[in-house]
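Peer 1: Kindly generate the corresponding structure for this input.
(chains A and B)
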Amino acid sequence: MDLDDPLDFENEDPLITNPVVNKKRKKAIGLDDLLTDHYKQKSQILEREKKRAAKAKKNYNSDEDENGKEALLSNIVNSCQNQMEEISVEEENSEWGLQVFGNKETLPPLVFPKLGSCSLLRSFINNKVNTLVELSTETGEAFLEGLLVNGWLSKLVLASGEVEKSIATWTFKLILYSSKEELRASACEFWCAILSSKNEVDAVPVKIHWFPSYSDLEKALVAYGFLSELSSTAEPVNTDSADRGPPENLIAWVKFTAACCQVRSKKSMFSSKEAEKLVEVVTCLFLDRRLQGLSVILYECMHSAISYFTDQEWNTSCEKIAKSLACRVPRDINCLRVVDCISRVNKRCKQLRSAVAYQILVIFFENKITNEEEILNLLITVNVKDKTCDLFRMYIYLALTENWLLSCPKLEEKPVMTEMWGVYLRNCSCLISSTDLRLYASKVRNKASYLLQGSTN
Amino acid sequence: MERTSTNRRRGNRTGIEENTLAIVESTEAKDTQDADDDRISFLEAVRASSFASEVAVPPTNKMYEAVLQILRVGKSLELIMSSYQLLIDLDKHFPQVFVSKSHELVVVDEAWSPFAFSSDVTSNESRAAGENSSGLLDFSGFALLIEELVEIATVENLRAMDTKNLRNMLLFQYLVSFLEGDFLPRKTMYAETMNWTILRESFLNMLLGSRRINYKNLMKDCLSILCGLSQVYTGMSDNRGSPENSNTKPSEDCNPALAFALLQVGKSTCIAMQKFLIIIMGLDNSKKNADMQGQTTRADGVRTPVVEIVLDELTYNVDMLLPFLQAFNQPKWKLEIVVQYFSKYTTKPSVRTRRSNGPVDDATFTGILNWFSSSTGTKSILKKISIQVIQLLLAHGFQALLLLSSQNIEGVMDSKEETRESSLVEICKSMICAFQSLKRTNEEMEILPISKEALFTAATILSMN
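Peer 2: Below you'll find the predicted structure:
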């Protein structure tokens, strides 16, 4: 008997044969591994060469042999290089990111001929204090900009209890199209203030004589270069950086949209259909890598948009959003990003997240399925050991299913689904060996075993 | 004070902790795409295990720590942003200190904190740099972070596309949000119970009283960060259009993601800095109260109130006044600073003792406006303060008062008294009178745009009534 073999009672110990925590991870082949493999092979070849050379010394025809060895070596180097390139290409593809904005249009010019004669300024011109202020209708717009930037305008509006149309449209246009950050930000703050505040005297909301509509917001997005079709091409057609969207106005756009969604109790600015579109648009913004830095305000905006719906509207709207998003997103790593960008902090978000994941799965299976169990059934029947099995796709299925089942009401009705999910997880974690070198093999395996441990805990 | 026991639920968390941490275990200090992918999966796993189930369960402290570590050393924008977002979300959902329904202060047992407790006495040299192997910061690390932020808060440096700047700003924002979350419920409880111990144990008080930081320098640094950022963002629009700056634009475009991030994060850092100063002012106020009631001991130490430091800086360095007033817009404290600024020049210095330091508190904004009603009063102030500074102070003070009257902030005793004492209409009238008097006394006076706007506002409000 070999001393290194386990003793027979060890075989019976489930703790030793089934280690609970699978800490060691085997990565997809790294470049380093390839290189070391290559060097190993090379050194083996060299050794063999030495031996042969020793023999060949007596034969005088080593020239031919040497040529052959050279060819062999260069062949190996070439194939190695090809492999490396292949792998790096595949890896690049696995990074999320879509081109959400194309080239931006020239933003509409900001001309407000009537602004100087708005009633706020007009009523002041004859005031005796104007000897100090020296205001005229010509300097009106510049003066109003000062009032806006330094925060006086919102105080005036709160005191008077109303916002006249010319002021409302002017500040709104500044948010969307001004090239001056200061004006954009102040105008946005102004709107947030008037939307959320109440008149001091009798605590009724400030009367706003003009409201923007959804189409105004949409128009601005189109001008920023927002593409209705999501594409995965890396580079925009026009490489001139000045034309590349989106402009910085997008920041104010996002904040303003969030503020509009938060005040439904006072003024419902969008129909539920428009609000559905808003949720979709904001989700698409998450797919642009250039906008990663805005994630904090994007999350806020998404939350506001999701909570805009009434409880009655929500269930149907959630379905519609999920279906539409699923159709829009390409079937690659980006569909995981879509799911991930919907947070889980409240019930509605979880519901939407689950619905989106489900709808994407349905599309992956080309609408062939009729009920939820069928998806799980299809997943279980996939043979992960099969060399032709697309493990990248498996990885996506796994992540999508996890998110779908996160908040799936069917799960309680049909306990069999939980069991099937368990089977699927065991397939992925046990049938893929840790030495499987296929790309994504370790990712699928690790994810599945992590989820499996989570579900048994 | 109550302490909750979370041991029971922590029990079944250890398994999850081990499994989740295993995801990033092999990535330590690795800089590959693969390692970053693992870190992202880790963040997502923490998110999932904390929010996924019906009953939300907080992560363990080790998991928190690993998330903070990612924020502190993360290289990619995605990692930095999502670790920050996660920490903020977690703190919102699992407050470590809160006021219970039965009006008691609840401090979670073994609560998570981004600050490592290291005793002030056993100062460890290796920790002096604020770097330790864990993700946690000690108080000197906080001071170091502030020093780095001072460097960032200039136009050139904010435009320098560096993820390190972004990381530092977000880390600072998180720490302020944490300190605030720890401080505000305590302050509410202190207002009810007048028990100073509650506030003494706040992280904010411990941080400011720590011997490992130089409090005064820290406050001066904070002030210069606030003013620096304020100048960057108010001056930005003007620089943009000028031709010399169009040269720098292409460099910005080579990483639009970072440009977007820095624009947004820089601004929110300015807001966070303001929050930081405001909670310190609140703490100072409560401490003064506790002082007068004899609740503080020698161990509490003596700390100059931050308002005084701010005032000293602003009078010493007048160039800072405008950016400060533009950036700082919390009405109560803004008004206080304006009033005290005037008082510094108008009241005779009195001998101060530890328990009675408050002749300045009697001054009000209305009182100040009244000095300007007579020409002799106006003249005597003009001798001490320059006409531009007077205008700035009056305009901003007036604005703060307007804002205060429109929002009834709870617990703001001074301001309530102030608005009660004289109606808005009266103040608008005295505001106009003050400027008329200034103009009479000094014919050459150039009225600043902001003063014109203030006068316009005052006159318009008067005409409405």
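Peer 1: Could you check how far A:Ser265 is from chain B?
Peer 2: As judged by CB to the nearest CB, to the nearest Å, A:Ser265 and chain B stand 19 Å apart. C-beta here means a position set from N, CA and C on the backbone, and glycine is covered the same way.
Peer 1: Then A:Leu361?
Peer 2: Here A:Leu361 is placed at a distance of 18 Å from chain B (CB to the nearest CB).
Peer 1: ok, that residue - contacts?
Peer 2: Taking CB atoms under 8 Å, 6 or more residues apart in numbering or on different chains, we find A:Leu361 in contact with A:375, A:397, A:400-401, A:404.
Peer 1: can you redo those as JSON lines with neighbour count?
Peer 2: Output for these, formatted as JSON lines (neighbours: other CB atoms under 10 Å in any protein chain shown):
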{"residue": "A:Ile375", "neighbour count": "23"}
{"residue": "A:Tyr397", "neighbour count": "22"}
{"residue": "A:Leu400", "neighbour count": "22"}
{"residue": "A:Thr401", "neighbour count": "22"}
{"residue": "A:Trp404", "neighbour count": "26"}
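Peer 1: which of those residues lies closest to chain B?
Peer 2: Comparing the contacts of A:Leu361 against chain B with CB to the nearest CB places A:Trp404 closest, at 12.4 Å.
Peer 1: I figured A:Met420 was touching A:Ile375, is that so?
Peer 2: No. With contacts counted by CB atoms under 8 Å, A:Met420 stays clear of A:Ile375, the gap being 9.3 Å.
Peer 1: Measure how buried A:Leu120 is and give me the count.
Peer 2: 20 (other CB atoms under 10 Å in any protein chain shown).
Peer 1: That one: helix or strand, and which one exactly?
Peer 2: In the assignment (DSSP states H and E), A:Leu120 maps to helix A:119-125.
Peer 1: helices and strands of chain A: which one has the lowest mean pLDDT?
Peer 2: One helix or strand of chain A scores below all others by mean pLDDT, DSSP states H and E: helix A:14-17, with a mean of 42.
Peer 1: coming back round to it: pLDDT averaged over the helix holding A:Leu120, what's the number?
Peer 2: Helix A:119-125 shows a mean pLDDT of 89.
Peer 1: starting at the chain centroid, how far to it?
Peer 2: Helix A:119-125 sits 48 Å away from the centroid of its parent chain (CA atoms, centre = their mean, to the nearest Å).
Peer 1: Are there helices or strands packed against that helix, and which ones?
Peer 2: Secondary structure elements in contact with helix A:119-125, counted by 3 or more CB pairs under 8 Å, 6 or more residues apart in numbering or on different chains; DSSP states H and E, are helix A:140-149, helix B:449-464.
Peer 1: So is the helix or strand that comes right after it next to chain B?
Peer 2: Per DSSP H and E, helix A:119-125 leads on to helix A:130-133 as the next helix or strand towards the C-terminus. Yes. With CB under 8 Å from any CB of the partner chain as the measure, helix A:130-133 is seen reaching chain B through A:130, A:132-133.
Peer 1: helices or strands up against helix A:130-133?
Peer 2: Counting contacts by 3+ CB pairs under 8 Å, 6+ apart, helix A:130-133 packs against helix B:424-441, helix B:449-464.
Peer 1: what's the offset of the shortest one from the middle of its chain?
Peer 2: Between the mean C-alpha location of helix B:449-464 and the chain-wide mean there is a distance of 30 Å, by CA atoms, centre = their mean.
Peer 1: OK, contacts around the closest residue to chain B within chain A?
Peer 2: Nearest residue of chain A to chain B: A:Gly293, at 2.1 Å (CB to the nearest CB). Taking CB under 8 Å, 6+ apart, we find A:Gly293 in contact with B:77, B:81, B:166, B:257-258, B:260-265.
Peer 1: out of these, who's near chain A?
Peer 2: With CB under 8 Å from any CB as the criterion, the contacts of A:Gly293 include B:77, B:81, B:166, B:257-258, B:260-265 near chain A.
Peer 1: that older thread, wait, which of the helices and strands packed on helix A:130-133 is closest to B:Asp36?
Peer 2: Smallest distance to B:Asp36 across those (CB to CB): 47.9 Å, for helix B:449-464.
Peer 1: Since that was my last question, I'll sign off now.
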